[in-house]
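Undergrad: Have a look at this prediction, sequence included:
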Amino acid sequence: MIALIDRMLNRVTMYRLVAYYLMFLIGVATILSFGGVLSYDPYAILFSVGFLIAVCWVSNQLLAWAFGVASASDSTYITALILALIITPIEGYGDLWFLGWAGAIAMASKYLLAINRKHLFNPAAVAVAITYLTVKQSASWWVGNPVLLPFVIIGGLLIVRKIHRGAMVSTFLAAAVATTLLLSLVGGENPVTTLWKSLIYAPIFFFACVFITEPLTSPPTRRWQLISAGLVGLLSAPQVHIGSFYVTPELAMLVGNLLAYLVSPKARLVLQLKEKIKLSPDIYDFVFQPAGRLAFVPGQYMEWTLGHREPDNRGNRRYFTLASAPTEDEIRIGIKFYQQSSSFKRAMLTMKKGSPILAGQLAGDFTLPNNLEQKCVLIAGGVGITPFRSMVKHLLDTGERRPITLLYSNRTVRDIVYQDVFDRAHEELGIKTVYAVTDTSKVPADWKGQVGRITPQLIQAEVPDYQRCVFYLSGPPGMVDSFKETLRELHVRGSQIRTDFFSGLA
């Protein structure tokens, strides 16, 4: 069952999954309202949703045109749906101005409260925070109704699993619960009653799964993600206040967003395509020329936004690991194309020299250890080789030696890419690369590499001291899971395994 769920999650980007989750919650709330289980007018819910979508869409289109950038339609709909779930459905036409004000502020914040084209705050959080601080109308967070809680948790867990933010959510919840209990005891309240209300009659789980995990306004590395989540959790406790001023969930989120900005790389680049190189039958290198060198650590990734007509359900944004090294003057990404690729990839394939694309949100912990003596085994499948190309090219350019073995699996010999870099690394740095092909019917007669999958026996033969190594796994999700299972058969501890993961896999 878990494997089936993972396969389904891998077919949709994180942004679309969040949109489907929000629509699901609105649908459930509407049905329950029709049945009298919820006390809201179902038509008011639907009208509020439609009105917010219209306001956010129009505002976003106008702002994108004014600032000369491509609009991200998926984030527009997500913001509108979030606002619809946290602002009470309208009870009269006099409430329209509040909905419109919140929607317009949310969209404007992405353009006005931004530095180097990177917005600082979660749009929905900043919208309800500004309305709370200015016109004294605030979000009711009605999605926190206990009747909706099972649906909130089930869908929220899918999002957390998709983007691998379980530790971040757990840290937030632990901090919020601990702070609530502590302040309850200090204030002479019944801690059990207070905690029960905070968990059942408040939007804490929705807030954790939707706001805390939002990639664009989260810190770039795991350590800072956990620190940020803990800070927001501490501030989210219902008793936290300064004098008569109580900290609301959205204000706590803005503090976390500010911390994320302070510790995040600030690069957000409009790049132009320099050249497109076909590396294999279905893998291309896209090479871009930045104004200057981009400062990053080999193995990190960026979010790429490409405006194109009629984007499919996977949207117009993707995350790709940088295949280039920080020492190179160009930025390159390797992309695999399938027979039925997404509209995003089809648009990329039609890019011409000089075509623009937006790159930002540099992040990732899939980097080599600080200890230069630590033995590492890099295991890649298919286009998952891109972060290892970045790492090895950087070692070549700097002359840095590390005890590394690369195991590289592909279906056929024709699918192998970047072999020139790895062969040179073997000659100059002693980095051993073991090539393996899995299609036994297409193995050339002169093939000197391995035939078949990367097995426990192959690892034992090529890396006899594997128990002392740190393993880096990169490739399609199913292949990475297979690599993990192989290592489990060898009794390799989980602490020795690193995986290349980023949300929104294409």
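TA: Ah, there it is. Since the model is a prediction, treat every value here as computed from it, not as a measurement.
Undergrad: C-alpha from now on. contacts and neighbour counts both.
TA: OK.
Undergrad: Give the residue spans of the stretch 301-450 of the chain that score low on pLDDT.
TA: Along the stretch 301-450 of the chain, the model assigns pLDDT under 70 to residues 313-314.
Undergrad: swap the cut-off to 80 and go again
TA: Along the stretch 301-450 of the chain, the parts satisfying pLDDT under 80 run over 307-317, 339-341.
Undergrad: and if you look at the stretch 101-250 of the chain?
TA: 116-118, 134-137, 241-245.
Undergrad: any idea where the strands of it begin and end?
TA: Along the stretch 101-250 of the chain, the segments classed as strands by DSSP state E, counting those that start in this stretch run 114-115, 118-119, 241-242, 245-246.
Undergrad: Tell me which of those sits most buried.
TA: For the strands of the stretch 101-250 of the chain, the largest average neighbour count (mean count of other Cα atoms under 10 Å) is found in strand 118-119, namely a mean of 20.
Undergrad: Show me what it is packed up against.
TA: The contact analysis (3 or more Cα pairs under 8 Å, 6 or more residues apart in numbering; DSSP states H and E) places strand 118-119 against helix 96-112.
Undergrad: mind checking the SS state of residue 53?
TA: Three-state call for residue 53 (DSSP: H, G, I helix; E, B strand; the rest coil): helix.
Undergrad: distance of it from residue 231?
TA: Distance, residue 53 to residue 231, using Cα to Cα, to the nearest Å: 31 Å.
Undergrad: and if you look at residue 471?
TA: For residue 471 relative to residue 231 (Cα to Cα), the value is 32 Å.
Undergrad: With neighbour numbers in mind, choose between those two.
TA: residue 471 (27 against 20; other Cα atoms under 10 Å).
Undergrad: what's next to the lengthiest strand in the chain, contact-wise?
TA: Longest among the strand segments of the chain by residue count, using DSSP state E, is strand 268-280. For strand 268-280, the external contacting residues (Cα atoms under 8 Å, 6 or more residues apart in numbering) are 116-118, 284-290, 351-361, 414-417.
Undergrad: Show the buried residues in the residues you listed.
TA: For those, a burial check counting by 16 or more other Cα atoms under 10 Å picks out 117-118, 284-290, 351, 356-361, 415-417.
Undergrad: among those residues, which are in helices?
TA: Judged by DSSP state H, helices contain none of the buried ones among the contacts of strand 268-280.
Undergrad: mind listing the helices for the stretch 301-450 of the chain?
TA: 343-349, 386-398, 419-429 (DSSP state H, counting those that start in this stretch).
Undergrad: List the buried residues of the last one.
TA: I take that to be helix 419-429. Using 16+ other Cα under 10 Å as the test for burial, helix 419-429 gives 422, 425-426, 429.
Undergrad: Break the protein down into its structural domains.
TA: Domain ranges of the chain: 2-263, 268-363, 376-499, per automatic domain parsing.
Undergrad: quick one, which residue of this structure lies the farthest from its center?
TA: Going by Cα atoms, centre = their mean, the residue of the chain most distant from its centre is residue 445, 43.2 Å out.
Undergrad: From residue 420, how far off is it?
TA: Remark: distance between residue 445 and residue 420 (Cα to Cα) = 21 Å.
Undergrad: Over to residue 43?
TA: 63 Å.
Undergrad: Could you do residue 253 as well?
TA: Residue 253 sits 47 Å away from residue 420, taking Cα to Cα as the criterion.
Undergrad: For the stretch 401-506 of the chain, which segments count as strands?
TA: Secondary structure of the stretch 401-506 of the chain, counting by DSSP E, counting those that start in this stretch: strands at 404-410, 432-437, 450-451, 470-474, 497-499.
Undergrad: Residue 206: which of those is closest?
TA: Evaluated with Cα to Cα, these place strand 497-499 nearest to residue 206, the distance being 27.3 Å.
Undergrad: buried stuff in that closest one?
TA: Applying a neighbour-count criterion of 16+ other Cα under 10 Å, the buried positions in strand 497-499 are 498-499.
Undergrad: Starting from that strand, tell me which strands it pairs with and how they run.
TA: strand 470-474 (parallel) (DSSP bridges).
Undergrad: Give the closest residue to residue 232 in space, chain neighbours not counted.
TA: For residue 232, ignoring the flanking residues on the chain, the nearest one in space by Cα to Cα, 6 or more residues apart in numbering is residue 252 at 5.3 Å.
Undergrad: Which stretches in the stretch 101-250 of the chain count as helices?
TA: For the stretch 101-250 of the chain, the helices defined by DSSP H, counting those that start in this stretch cover 123-134, 149-163, 166-186, 191-200, 204-206, 222-236, 249-263.
Undergrad: possible to save the ones you listed as a markdown table with distance to residue 381?
TA: What follows is these, written out as a markdown table (distance: least, Cα to Cα, whole Å):
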| stretch | distance to residue 381 |
| --- | --- |
| helix 123-134 | 37 |
| helix 149-163 | 20 |
| helix 166-186 | 25 |
| helix 191-200 | 42 |
| helix 204-206 | 36 |
| helix 222-236 | 24 |
| helix 249-263 | 32 |
